[in-house]
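>>> Provided below are the primary sequence and the corresponding predicted coordinates.
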Amino acid sequence: MSDFKTKLQDWLAKADKAAARFPERRETFTTSSDTLEVKRLYTPEDAQGDYLEKLGFPGEYPYTRGVQPTMYRSRFWTMRQYSGFGSAEETNLRFKYLLENGQTGLSTAFDLPTQIGYDSDDMMAKGEVGKVGVAIASLKDMETLLSGIALDKVSTSMTINAPASVLLAMYIAVAEKQGVASTEVSGTIQNDILKEYVARGTYIYPPEASMRLITDIFGYCAEHVPNWNTISISGYHIREAGSTAVQEVAFTLSNAIAYVEAAVKAGLDVDRFAPRLSFFFNAHNNFLEEIAKFRAARRIWSRIMKERFAAKDPKSWQLRFHTQTGGSTLTAQQPDNNIVRVTMQALSAVLGGTQSLHTNSKDEALALPTEESARIALRTQQIIAYESGVADTVDPLAGSFYIESLTDEIESQALEYIAKIDEMGGAVKAIEQGYMQREIQNAAYQSQMDIESGSAVVVGVNKFRLENEPKPDLQKINPELERIQNESLAELRKTRDNELVQAKLAALRQAAQGTDNLMPFIVDAVKAYATLGEICNVMRDVFGEYQPAQW
Amino acid sequence: MSETKIRVLVAKPGLDGHDRGALVVAKALRDAGMEVIYTGLRQTPQQIVASAIQEDVDVIGLSSLSGAHMHLFPEVVRLMKEQGSDDVLIIGGGVIPDEDIPALKAAGISEVFTPGTPLTAMSDYIHANVKDRG
């Protein structure tokens, strides 16, 4: 027996003896994914395999160690705080405040009516205008939102899915008005409809029509908006809905496979659109599991793109991602503790090699962030970047026996899920059958049960509670907003060229009934000041609305 | 209460699509021996009231995380009363600031459960407060 093996045996015996005297805190330890057991110790035996094949160098296939050769030594991740509330004017001021404070990209939160393609004065919008994000109903609102922000200098992420084509069209139109060509603008639209059916609920149309809109955007942007990330395939919401880390990777990548297949089927060359695919992950509490999750996701995706889709361009093999810290991990109790949670989560994203990051604010379990809490969240990133030193070498945690072993485990369990979904006929089928939804709901229930039983500790909630907590100051949305927004819409409908609007909407209707790429028609309608609701209603008429199966 | 199971309608009013909490509560109430009907997403107060009456429920549980609760929750109470159904227990939950709770209670929401509430607290509350509907 080798010296290593003998010594390991000796150590195991010694540790068993110690554990008999000082019992371990639990019989078994797992990560937050309860299928991943954590061993007492990891050694080189747990991190076997060929370095070049499994890790490779940063910026090289299979990109386990990162997508760029120098990573944060050259440039920090983009600090992109998700923000938006109330009116376009108010959000514009918050954008400028964050940019003045060193934020390096914009990220827009839209209110629910906007996300579901309703104008602010629609019956369905009652009570929701400006609540979880900014209300945008027409190009006029978008002009206000981006006023005084140079669109050739800043990149903008927009969390918009079902009506992504319309909001992108508005963005392009505002840029043109600023004298910035569509080839010059950069940013990201989330545009990931499959996760809406699975986890977030802001769908409009049935899957087939949604997939067409997405591939139309891929096609249009490849030609006209080459620096735009046309989709951000999102595991974030899957995780927020209660999935495990393994499920987050597996279901996100399964959805990604469905998008690539749809685009290829629509006749697009894989290397033409794949370099502009981007991803969006959650950073949760289990620090080392999260780091391993990011590394596993990159490795799996590069192999899928190279082997399954025969992509040739190395850029098509790279999984680039934005990260947001886990909203559902934040507690309404002792909200200052959330600053600490967010710091740990953000650090896991940075050590996992994220390209951009949003850190949540301490008050988000209660309301939208105040200016002060948004600033602290941004400062958290700046402290990690400028003070901690973790960004000074590329992928500092690679080589940790535990990290490598956990990466392998997450990869292997995620691949099992992906194979299962492939067998079911792919992500769209799996979603239609409610498979992903059920898996996520079961995991959510299990984690709630773990909190209730105390086997999972949430500081301040089921342990270390405080009686008589002081109440924090919370952000309030102007209660008059809905009325103001409705008046401005009425004014717009009175003053625009309504004949032109009707003509553009009719052209869009005709195109939707056929097979033309819809983007040019949507851009035309937006420029004529057709509203978001009017444009989406034309497509609702043609495509129908998605009705989920009963629970 | 008699031997019959308590019937609960778990509803998501408004446009908010986050139903993790609603689904977990629904499952927990089932495990606590109740009959639970879930409306699915994006229900108007009118639709919720229609389902509640059609299903003849004892309890309506409303869940919202979008901040629209002050508009949507009292509207459900108002419509229930309009229909002459004021013997149904109506409770709410979600991301609801403490300062909004007195107004919701004044509007007829019996109890509001905010994040961090144990599931058993909800089932215990329902057992203790469900109205005897003869």
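Good, I have the coordinates.

>>> From now on I want contacts and neighbour counts done on CA atoms only, so please keep to that.
Fine.

>>> Can you pull the poorly scored residue ranges out of the chain?
Using chain A. A:1, A:550-551 (pLDDT under 70).

>>> That was the other one, I meant chain B.
Short version for chain B, where the test is pLDDT under 70: B:1-3, B:134.

>>> for it, what's the longest helix?
Using DSSP state H to define each element, chain B has its longest helix at helix B:69-82.

>>> Any buried residues in that one, and which?
B:69, B:71, B:72, B:73, B:74, B:75, B:76, B:77, B:78, B:79, B:80 (16 or more other C-alpha atoms under 10 Å in any protein chain shown).

>>> do it and chain A meet?
Yes - judged by C-alpha under 8 Å from any C-alpha of the partner chain, helix B:69-82 and chain A are in contact via B:69, B:70, B:71, B:72.

>>> before we move on, the earlier item: which among the buried residues of helix B:69-82 gets closest to chain A?
Of all the buried residues of helix B:69-82, the one with the least separation from chain A (C-alpha to the nearest C-alpha) is residue B:71, at 5.4 Å.

>>> I'd guessed that closest one sits against residue A:125; true?
No - Residue B:71 is not in contact with residue A:125 according to C-alpha atoms under 8 Å; the separation is 11.0 Å.

>>> Who are the packing partners of the longest helix of chain B?
The contact analysis (3 or more C-alpha pairs under 8 Å, 6 or more residues apart in numbering or on different chains; DSSP states H and E) places helix B:69-82 against helix B:45-55, helix B:101-106.

>>> Beyond the first one, next helix or strand please.
Meaning helix B:45-55. strand B:59-64 (DSSP states H and E).

>>> Just checking: what are the partner strands of that next one?
strand B:7-11 (parallel), strand B:89-94 (parallel) (DSSP bridges).

>>> Indicate the residue of chain B located nearest to chain A.
Counting by C-alpha to the nearest C-alpha, chain B gets nearest chain A through residue B:17, at 4.3 Å.

>>> ok, that residue to residue A:115 distance?
Applying C-alpha to C-alpha, to the nearest Å, the value for residue B:17 to residue A:115 is 11 Å.

>>> returning to what we had before: between strand B:89-94 and the longest helix of chain B, find me the angle.
170 degrees (axes from the mean of the first three to the mean of the last three C-alpha atoms, to 10 degrees).

>>> and the angle from helix B:69-82 to helix B:45-55?
Using the same axes, to 10 degrees: helix B:69-82 against helix B:45-55 is 40 degrees.

>>> what does helix B:69-82 contact?
A:126-127, B:13-14, B:45-46, B:48-49, B:62, B:86, B:90, B:92, B:96, B:100, B:104, B:107-109 (C-alpha atoms under 8 Å, 6 or more residues apart in numbering or on different chains).

>>> Check the offset of it from the chain's centre.
11 Å (C-alpha atoms, centre = their mean, to the nearest Å).

>>> Around chain A, which positions in chain B sit nearby?
Checking chain B against chain A by C-alpha under 8 Å from any C-alpha, the hits are B:14-20, B:23-24, B:27, B:38-41, B:44, B:66-72, B:95-97, B:115-116, B:118-119.

>>> Can you say which of the strands paired with strand B:59-64 is packed in most?
Across the strands paired with strand B:59-64, averaging neighbours per residue (mean count of other C-alpha atoms under 10 Å in any protein chain shown) puts strand B:7-11 on top, at a mean of 25.

>>> what does that one rub up against?
B:22, B:26, B:34-41, B:43, B:48, B:52, B:56-63.

>>> Let's see that with 6 Å instead.
Residues outside strand B:7-11 that contact it (C-alpha atoms under 6 Å, 6 or more residues apart in numbering or on different chains): B:35, B:36, B:37, B:38, B:39, B:57, B:58, B:59, B:60, B:61, B:62.

>>> same thing with stretch A:349-368?
For stretch A:349-368, using C-alpha under 6 Å, 6+ apart, the contacting residues are A:66, A:77-81, A:291, A:294, A:321-325, A:330-332, A:335-336, A:338-339, A:369, A:373-374, A:377, A:475, B:95.

>>> So which of those sit within helices?
Going by DSSP H, the helices hold A:291, A:294, A:338, A:339, A:373, A:374, A:377 from the contacts of stretch A:349-368.

>>> which ones are touching the fifth one?
Residue A:373 makes contact with residue A:361, according to C-alpha under 6 Å, 6+ apart.

>>> Could you measure from it over to residue A:224?
Counting by C-alpha to C-alpha, the gap from residue A:373 to residue A:224 is 38 Å.
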